[in-house]
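> Below is the structure, and that's it, no one-letter string:
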């Protein structure tokens, strides 16, 4: 069985694997539909922590949190960043089947080198490593 998220994640043919690793892998990502403000990108904003970059402006994650019954204080409210992160760590496992599940793990892997599946049991370790 193929691992969930290896170096060939979502690459389903030898041609796709070759094209990605030979040409696309090290190219910059140009994403016209991202959740970062163009001003923040231009100013090279430094984020406080993973909550700030991951949850501060992502309405898709907010919707998943709300669907999981999370109180608004832990989404867009005045709760501390760690509490908001913990709420997201509890929500990610219930997003299985939603692209948020894959996106979250892909971001953890590519940008932070974290290969574990995020959940409440390892949220503290992931928080520490990502920050």
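Received, thanks. The structure displayed is predicted, hence computed values, not measured ones.

> Which helix runs longest in the protein?
The residue-count maximum for a helix in the chain (DSSP state H) belongs to helix 99-112.

> Now do that helix, average pLDDT.
Mean per-residue pLDDT for helix 99-112: 93.

> Buried residues, it. List them.
Under the neighbour-count criterion of 16 or more other CB atoms under 10 Å, helix 99-112 has 100-102, 104-105, 108-109 buried. Just so you know, the C-beta spots here come from the backbone N, C-alpha and C atoms, and that holds for glycine as well.

> what number of residues lie near residue 60?
13 (other CB atoms under 10 Å).

> Now do the same contact list for it.
Neighbouring residues of residue 60 by CB atoms under 8 Å, 6 or more residues apart in numbering: 35, 100.

> tell me which strands and helices the helix or strand bottoming out on mean pLDDT in the chain is in contact with?
Lowest by mean pLDDT, DSSP states H and E among the helices and strands of the chain is helix 38-42, with a mean of 87. With contacts taken as 3 or more CB pairs under 8 Å, 6 or more residues apart in numbering; DSSP states H and E, helix 38-42 sits against no other helix or strand.

> hmm, back to that, after the longest helix of the chain, which helix or strand is next?
Per DSSP states H and E, the first helix or strand lying C-terminal to helix 99-112 is helix 123-130.

> Figure out how far that following helix is from the centre of its chain.
On the basis of CA atoms, centre = their mean, to the nearest Å, helix 123-130 is displaced by 13 Å from the centre of the chain it belongs to.

> Could you list every helix and strand in contact with it?
Here helix 123-130 is seen to pack against helix 81-91, helix 99-112 when contacts are counted using 3+ CB pairs under 8 Å, 6+ apart.

> Could you pull up the residues touching the residue nearest to the spatial centre of the chain?
Per CA atoms, centre = their mean, the C-alpha nearest to the average position across the chain is that of residue 104, at 2.9 Å. Residues near residue 104 by CB under 8 Å, 6+ apart: 92, 95, 118.
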